[in-house]
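[1] Predicted structure and sequence below. I'll ask about it afterward.
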Amino acid sequence: MTAPVRQAPPVARARPVPPLARTASLARVVETGHLATAWANDLPVLATPVLLWWAELAAIAAIAPDVGPEVAPGWMSVGAAHDVRHLAPTRLGATVRVSATLVEVEGASLTFEVAAHDGDRPVLSGTHVRGIVDRERFRAAHDLV
């Protein structure tokens, strides 16, 4: 009888931890596909889901030096929550500047202050939470392989 093969336990990998105050900004011009009219609404202004997505992109950019695929292979961030206010409508052709600043790290949870302006006027204010996850474990757990 052969002895059972022993497998080594999985090697624990250290989750990347971005430093507080990491910030990123982006600018986007509102195009036709960004309007609420593309989201089952009849108002020709920037749609809230698009503005939220831009806030997520700014948060992803803020932590890219620590969580991006080139610097932390196997790790990624996923959106977990938004607590924001869409403060004012933005018209077609306007430039929106969106920023995200990392303000809290609690385990795998990252909280960002997010804001957006079109010119001098604030159009978004609030927080966005992302989680840092092991890419393969997340895909396997949610049958995304």
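    That came through, no problem. Residues are numbered from 1 along each chain as shown.
[2] Point out where this structure drops to low pLDDT.
    Residues of the chain meeting the criterion pLDDT under 70: 1-12.
[3] at 90 instead, please
    Regions of the chain meeting the criterion pLDDT under 90 cover residues 1-14, 68-70, 144-145.
[4] That one: strands as residue ranges?
    Applying DSSP state E to the chain gives strands spanning 23-29, 75-86, 95-106, 109-118, 121-134.
[5] For the helix ranked longest in the chain, list the C-alpha coordinates in CSV.
    Ordering each helix of the chain by length in residues (DSSP state H) puts helix 48-67 first. This file holds the C-alpha atoms of helix 48-67, laid out as CSV (Å, rounded to 0.1, in the frame of the first residue of the first chain):
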residue,chain,number,x,y,z
THR,A,48,-26.2,58.8,-12.6
PRO,A,49,-24.9,55.3,-13.4
VAL,A,50,-22.3,56.8,-15.8
LEU,A,51,-21.2,59.3,-13.1
LEU,A,52,-20.9,56.4,-10.6
TRP,A,53,-18.8,54.4,-13.0
TRP,A,54,-16.5,57.4,-13.5
ALA,A,55,-16.1,57.6,-9.7
GLU,A,56,-15.2,53.9,-9.7
LEU,A,57,-12.6,54.4,-12.5
ALA,A,58,-11.0,57.3,-10.4
ALA,A,59,-10.9,55.0,-7.4
ILE,A,60,-9.3,52.2,-9.4
ALA,A,61,-6.7,54.6,-10.8
ALA,A,62,-5.9,55.9,-7.3
ILE,A,63,-4.9,52.4,-6.1
ALA,A,64,-3.4,51.2,-9.4
PRO,A,65,0.2,51.7,-8.2
ASP,A,66,-0.5,49.1,-5.4
VAL,A,67,-3.3,46.9,-6.8
